[in-house]
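1. below is the structure, and that's it, no one-letter string:
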């Protein structure tokens, strides 16, 4: 079984329905807004699985916002908040080894994102407003 097929099977077991599937790129996009998953990208880039979701866009990125994000990263169970190449888009990103990937590992990564969004909602909203804590 291919790694992409294995990932797709795990997503079904986790009751996550793919809105878009690109078999050529081995990429899936998940939307489950009730749990905070909006355009969650799950991308098989052998030998790793990349899990990525846009969290917010900073109007005026600066040291206070970056310091806040680094502090929030310490609280994440899996993955990290990172910036795109412009330094304005905050993205949740996690990478997992495809060869040894199991259902529990994928679920833990996705649950980490859900938990982070719930726990960090106030701080993330402050970042959008330009009020870094």
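-> Nice, thanks for sending it over. No experiment lies behind these values; they were computed from the predicted model shown.
2. so where do the strands sit in this structure?
-> 18-22, 27-32, 37-45, 48-57, 80-83, 89-97 (DSSP state E).
3. can you redo the ones you listed as CSV with mean pLDDT?
-> Formatted as CSV, these follow (pLDDT from 0 to 100):
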stretch, mean pLDDT
strand 18-22, 96
strand 27-32, 96
strand 37-45, 97
strand 48-57, 97
strand 80-83, 96
strand 89-97, 98
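4. adding mean neighbour count and distance to residue 12, write those strands out as a markdown table.
-> Just so you know, the C-beta spots here come from the backbone N, C-alpha and C atoms, and that holds for glycine as well. Putting the strands of the chain into a markdown table (neighbours: other CB atoms under 10 Å; distance: least, CB to CB, whole Å) gives the following:
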| stretch | mean neighbour count | distance to residue 12 |
| --- | --- | --- |
| strand 18-22 | 13 | 9 |
| strand 27-32 | 18 | 11 |
| strand 37-45 | 18 | 12 |
| strand 48-57 | 18 | 16 |
| strand 80-83 | 17 | 27 |
| strand 89-97 | 18 | 18 |
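5. can I get these in JSON lines with distance to residue 8?
-> Compiled in JSON lines, the strands of the chain are given as follows (distance: least, CB to CB, whole Å):
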{"stretch": "strand 18-22", "distance to residue 8": "7"}
{"stretch": "strand 27-32", "distance to residue 8": "7"}
{"stretch": "strand 37-45", "distance to residue 8": "9"}
{"stretch": "strand 48-57", "distance to residue 8": "12"}
{"stretch": "strand 80-83", "distance to residue 8": "25"}
{"stretch": "strand 89-97", "distance to residue 8": "15"}
